[in-house]
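**Student:** everything below, folded, please.
(chains A and B)
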Amino acid sequence: DQQVKQNSPSLSVQEGRISILNCDYTNSMFDYFLWYKKYPAEGPTFLISISSIKDKNEDGRFTVFLNKSAKHLSLHIVPSQPGDSAVYFCAVSNAGGTSYGKLTFGQGTILTVHP
Amino acid sequence: DGGITQSPKYLFRKEGQNVTLSCEQNLNHDAMYWYRQDPGQGLRLIYYSQIVNDFQKGDIAEGYSVSREKKESFPLTVTSAQKNPTAFYLCASSIKGASPEAFFGQGTRLTVV
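**Tutor:** This next block holds a predicted model:
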């Protein structure tokens, strides 16, 4: 039973427009949420995160929104650039427990930004 | 330069052989992790260690073994008991603190023929 789901396997966006990537989770005990970006044959790189006490966190072109009642988070990229083309993974953690840093990942969404 | 080093990047082994993947970090992080990625899937946790000489099974530990004799090193052995060992293996580390974000190495692509 998947605890973290990214229901869109792929997303195609025009350069300059907004990219919205979505992620749903099932366990309300999760208290920290992260987004990673990954290129083929490379390790994921951390993008942005949000704790459960907030509903929005912004870093440059990247904004993460958290809706705890819906158990949903999203990543907005504005404006999208061709270099943003990659696989995006959401990840969740129960950082308040003993297993700090132990992340559960979604399946990933392939983002393609067209020039 | 601080970071996580995985070696080798590509590894080929014959079926039935054990193989050990290396992971070293110089970030002084307390915790280290091994994940596996298969095509079209997310990362799944194999083993993790929060302190030297201690480690716990993740979600898919069967057929794998680890050791944590030094803070900097967390090698993963893929044994012959692992039924589908061909995959992309990722090592990560994190520091105990407010944020649980993990930092990843570049990965090792293991192909068993």
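
**Student:** flag every residue of chain A that's near chain B.
**Tutor:** Applying C-beta under 8 Å from any C-beta of the partner chain, we find that chain A lies next to chain B at A:4, A:6, A:9, A:32, A:34, A:36, A:41-46, A:49, A:89, A:93, A:95, A:98-108. C-beta here means a position set from N, CA and C on the backbone, and glycine is covered the same way.

**Student:** show the buried residues in these.
**Tutor:** Buried by 16 or more other C-beta atoms under 10 Å in any protein chain shown: A:4, A:6, A:32, A:34, A:36, A:42-44, A:49, A:89, A:93, A:95, A:99-108, out of those.

**Student:** go through these and flag which are in strands.
**Tutor:** Among these, the residues falling in strands (DSSP state E) are A:4, A:32, A:34, A:36, A:49, A:89, A:93, A:104, A:105.

**Student:** save those as a markdown table, and put in pLDDT too.
**Tutor:** Conversion of those to a markdown table gives the following (pLDDT from 0 to 100):
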| residue | pLDDT |
| --- | --- |
| A:4 | 94 |
| A:32 | 91 |
| A:34 | 95 |
| A:36 | 97 |
| A:49 | 94 |
| A:89 | 97 |
| A:93 | 89 |
| A:104 | 92 |
| A:105 | 94 |
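
**Student:** which residues are in contact with the residue most central in space within chain B?
**Tutor:** The centre of chain B sits closest to residue B:34, judged by C-alpha atoms, centre = their mean, with a distance of 2.9 Å. Listed by C-beta atoms under 8 Å, 6 or more residues apart in numbering or on different chains, the contact partners of residue B:34 are B:21, B:23, B:45-48, B:58, B:64, B:66, B:74, B:76, B:89-92.

**Student:** give me the ChimeraX select line for those residues, limited to the buried ones.
**Tutor:** To isolate the buried members of the contacts of residue B:34 in ChimeraX, using 16+ other C-beta under 10 Å:
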select /B:21,23,45,46,47,48,58,64,66,74,76,89,90,91,92
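
**Student:** between the contacts of residue B:34, which is nearest residue A:22?
**Tutor:** Relative to residue A:22, the closest of the contacts of residue B:34 is residue B:45; by C-beta to C-beta it sits at 22.6 Å.

**Student:** test my guess that residue B:23 contacts residue B:3.
**Tutor:** No - between residue B:23 and residue B:3 there is no contact under C-beta atoms under 8 Å: 11.2 Å.

**Student:** now the common contact residues for these two.
**Tutor:** Both residue B:23 and residue B:3 are contacted by residue B:105, under the criterion C-beta under 8 Å, 6+ apart.

**Student:** what segments of chain B are helices?
**Tutor:** Here chain B has no helices by DSSP state H.

**Student:** which residues of it lie near chain A?
**Tutor:** Residues of chain B found near chain A (C-beta under 8 Å from any C-beta) are B:4, B:6, B:31, B:33, B:35, B:40-45, B:48, B:50, B:56, B:58, B:88, B:90, B:92-107, B:109.

**Student:** taking these one by one, which sit in strands?
**Tutor:** Going by DSSP E, the strands hold B:4, B:6, B:31, B:33, B:35, B:43-45, B:48, B:50, B:56, B:88, B:90, B:92-94, B:103-104, B:109 from these.
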